[in-house]
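Engineer: quick one, structure for this:
(one chain, ligands or ions: 2)
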Amino acid sequence: MGAYAEACRRALADPEGFWGDAAAAIDWDRPWDRVLDDSNAPLYRWFAGGRLNTCHNALDRHVAAGHGDRVALIYDSPVTGTVQRFTYAALTDRVARFAGAMRALGVGPGDRVVIYMPMVPEAVVAMLACARLGAVHSVVFGGFAAPELASRIDDCTPKLVVSASCGIEVARVIAYKPLLDAALDLARHKVPATVILQRPQCAAAMQLGRDHDWTEVEKAAAPAACVPVAATDPLYILYTSGTTGQPKGIVRDNGGHAVALAWTMGAVYGVKPGEVYWAASDIGWAVGHSYIVYAPLLAGCTTVLYEGKPVGTPDAGAFWRVVAQHGVSVLFTAPTAFRAIKREDFEGRHLAQHDLSRFRALFLAGERCDPDTLAWAEGLLHRPVIDHWWQTETGWAICADPLGLEAMPVKPGSPTRPMPGWDVRVLGPDGAEMPPGEIGVLVCRLPMPPGAAPTLWQAEARFRSAYLEAYPGFYTTGDAGMIDEDGYVFVMSRVDDVINVAGHRLSTGQIEEVLAGHPDVAECAVIGAADEVKGQVPLGFLVLKAGVTRPHETIAAEAVQRVRDQIGPIAVFKTAMIVDRLPKTRSGKILRATMVRIADSVPYTTPATIDDPAILDEIRVTLQRSGYSRG
Ligand code: COA
Ligand code: AMP
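Structural biologist: Residues are numbered from 1 along each chain as shown. Ligands and ions are numbered 1, 2, ... in the order given. A predicted model of the protein is given here:
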């Protein structure tokens, strides 16, 4: 039996033995009583009774082991023209001092801290400082607007918000503080204190008594030591799109997370301590949490924090410049980034100018990697290009080609096979398992391995109903797909209203809620249409209230602005179309799937249950006017 098959066999037959062995890579203040606590199934807990500190495992222990001079973090920021290196010793020192500063502001174990920051080293410092104190961070992506930030503040009721004066989007300076101030005003929960990093590009106005300057509080602080916490205590909350406007607070624990992530660096990515690993994502997403911050540091690697884009900062050679300059061994990003590079530099002229001799593999996730992009990247790089499937909920890959364990042949369109600990099945509508090659819903037999979310923040009932109740004994991924004869998994589409825009997860239902709030809108539908670079983009259809006479263009522009103001630019909502009616079934269900096919110029059959087939023609004409449905 090969290493992959043996690891999978053991992780499922003897999870306690498998993950108990993996836990030896982590320092524990107190060993666990049970590797897997199943006493409250279907809710499972890993390493119950154990105590540890994640920050100690990510930083201090590497210093204690004599690696203090090793580079922990490279901050590479083409938008500010900066490259800065932090050794493990230096990063530990900064984190300890910022933890001391947060403690002086009243933050203690279990308290929540919201971090709303651009891709600057201080964002990583703040995350690790929370872990050091046993506080729970909740990072909110900078591209979200004030109401989104406010809803997260209300849900996790932080004692402190850490932010910066601005982010930089290519050449544009985006002031963060006015957005934060608006969110703090909007939120019902009153946050007693903020710490603001003043960046030279933009000064934030400070509110006396509430807002504290990062530099000053860090300078005044006494370093704080690591506080051991229970393995099952939350390390962080990360909000992700659900089916409604209320985002889901995905909880990550300390123990299972540290064990699983440290293990993946070697087994999945084949990266050794001291090597340079780069996840070109954002700390606001799960990929950023797991593979910019925690996993590389837990494994003693050097991680790259890149404040820039794949194109435009300054050109489509940006990724190759970073890989060459810092000796990156493995790069992890989203296919959309590669589509953006492909569009600007199909021949790879930029690539040819860089020395990529230390670069071994490219991993892609966040959305399905289309076979064209895969073939292009393989042809250009002459290295493994690995599509791997995961979700905010799972925290690490459900399926991958585990280069460190045993490389398998790649099949275009498939993220390869389940990782050890993941028992992936395809179920039909009746809950019965589908034969190989047939499409159904993708589920994972419980328990999920360590690192996967144990619950939702203060919403256990929602966790059960969203993930565990549809198919008892299984976690419902929300994705549909199939498993072929060779055990390769193919992830085809979401079964809910989640869409993937530039590798970012959005809920069409949430956008609809915002549009429905426009005073002239009677009803609306939002669909995800195919986009050459971003994978999908949301399109909105608005039916106006009777008697509305204002110009349609004005209302459409207001709708677009409304989504930008309430959800954020990251929703990439640029197209709102006014229509007379929406296509519906006789029972009133909007035929979104058919609308998607029309937008994407994919052949469709008119559903038998449709109320009035003529509406589909009206939708097609409207879409054609907006540049869709051209095929
Ligand atoms: N703060 C403020 N605004 C932000 C932001 C941030 N942190 N991140 C993005 N935005 C804004 C962008 O400026 C853009 O605004 P605009 O409508 O005014 O132009 C909007 O949000 C949409 O951003 P995005 O979809 O990222 O588009 P883009 O054109 O800037 O970049 C890609 C496109 C493909 C290059 C980029 O999305 C990318 O690199 N994606 C990688 C995805 C990724 O990291 N996924 C995580 C999982 S691996
Ligand atoms: P997120 O929680 O933002 O990471 O988004 C998770 C969702 O993105 C998954 O449920 C899938 O729909 C999609 N996804 C992520 N990675 C892949 C992949 N490699 N192949 C197909 N879909 C993916």
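Engineer: for residue 258, which residues are in contact?
Structural biologist: By CB atoms under 8 Å, 6 or more residues apart in numbering, the contact set of residue 258 is 26, 52, 54, 57, 294, 298. Yep, even glycine has a C-beta here, placed from its N, CA and C like the rest.
Engineer: between these, which sits nearest ligand 1?
Structural biologist: Sorting the contacts of residue 258 by distance to ligand 1 puts residue 294 at the head of the list, at 15.0 Å, by CB to the nearest ligand atom.
Engineer: wait, isn't residue 581 in contact with residue 622?
Structural biologist: No. Using CB atoms under 8 Å, residue 581 is not in contact with residue 622; the gap is 10.9 Å.
Engineer: number of nearby residues for residue 188?
Structural biologist: 9 (other CB atoms under 10 Å).
Engineer: so it sits against residue 154, correct?
Structural biologist: Yes. Assessed by CB under 8 Å, residue 188 is found in contact with residue 154 at 5.3 Å.
Engineer: how far away is the closest residue to residue 248 other than its chain neighbours from ligand 2?
Structural biologist: Nearest residue to residue 248 in three dimensions, chain neighbours excluded: residue 242, at 4.4 Å (CB to CB, 6 or more residues apart in numbering). Look at residue 242 and ligand 2: by CB to the nearest ligand atom, to the nearest Å, they are 11 Å apart.
Engineer: repeat for residue 129
Structural biologist: Applying CB to the nearest ligand atom, the value for residue 129 to ligand 2 is 25 Å.
Engineer: what's the answer for residue 618, then?
Structural biologist: For residue 618, the distance to ligand 2 - CB to the nearest ligand atom - is 31 Å.
Engineer: just say helix, strand or coil for that residue.
Structural biologist: helix (DSSP: H, G, I helix; E, B strand; the rest coil).
Engineer: that one touches residue 578, doesn't it?
Structural biologist: No. Contact between residue 618 and residue 578 fails when scored by CB under 8 Å: they sit 11.3 Å apart.
Engineer: the two: which is more packed in?
Structural biologist: The neighbour count for residue 618 versus residue 578, taken as other CB under 10 Å, is higher for residue 578 (19 against 15).
Engineer: with adjacent residues omitted, what lies nearest to the more buried one?
Structural biologist: residue 552 (4.4 Å).
Engineer: and residue 401, by the same measure?
Structural biologist: Of all residues beyond its chain neighbours, the one nearest residue 401 is residue 416 (4.1 Å), with distances taken as CB to CB, 6+ apart.
Engineer: one step back: burial of the residue nearest to residue 578, as a residue count?
Structural biologist: For residue 552, the count of nearby residues is 15 (other CB under 10 Å).
Engineer: which parts of the stretch 201-350 of the chain are helices?
Structural biologist: For the stretch 201-350 of the chain, the helices defined by DSSP state H, counting those that start in this stretch occupy 214-220, 255-267, 286-288, 295-298, 318-326, 335-344.
Engineer: and if you look at the stretch 501-631 of the chain?
Structural biologist: Using DSSP H, counting those that start in this stretch, the helices of the stretch 501-631 of the chain run over residues 508-516, 552-566, 592-599, 614-625.
Engineer: tell me what the second one is packed against?
Structural biologist: Spelled out, that is helix 552-566. Packed against helix 552-566 by the contact rule (3 or more CB pairs under 8 Å, 6 or more residues apart in numbering; DSSP states H and E) you find helix 146-156, helix 508-516, strand 535-544, strand 575-578.
Engineer: same for the second one, what does it pack against?
Structural biologist: It refers to helix 508-516. Secondary elements touching helix 508-516 (3+ CB pairs under 8 Å, 6+ apart): strand 521-531, strand 535-544, helix 552-566.
Engineer: in TSV: these, plus mean pLDDT.
Structural biologist: Converted to TSV, the helices and strands packed on helix 508-516 look like this (pLDDT from 0 to 100):
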stretch	mean pLDDT
strand 521-531	97
strand 535-544	97
helix 552-566	98
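Engineer: so which of the ones you listed gets nearest residue 432?
Structural biologist: Nearest to residue 432, of all the helices and strands packed on helix 508-516, is strand 521-531, at 29.2 Å by CB to CB.
Engineer: which residues are in contact with that closest one?
Structural biologist: Applying CB under 8 Å, 6+ apart, the contact partners of strand 521-531 are 499-501, 508-509, 511-512, 515-516, 536-546, 555, 559, 582, 590, 592, 595-596, 599-600, 628.
Engineer: and ligand 2, which of those residues contact it?
Structural biologist: Contacts with ligand 2 within the contacts of strand 521-531, as defined by CB under 6 Å from any ligand atom: residue 500.
Engineer: what subset of the contacts of strand 521-531 is buried?
Structural biologist: 499-501, 508-509, 511-512, 515, 536-544, 555, 559, 582, 590, 592, 595-596, 599-600, 628 (16 or more other CB atoms under 10 Å).
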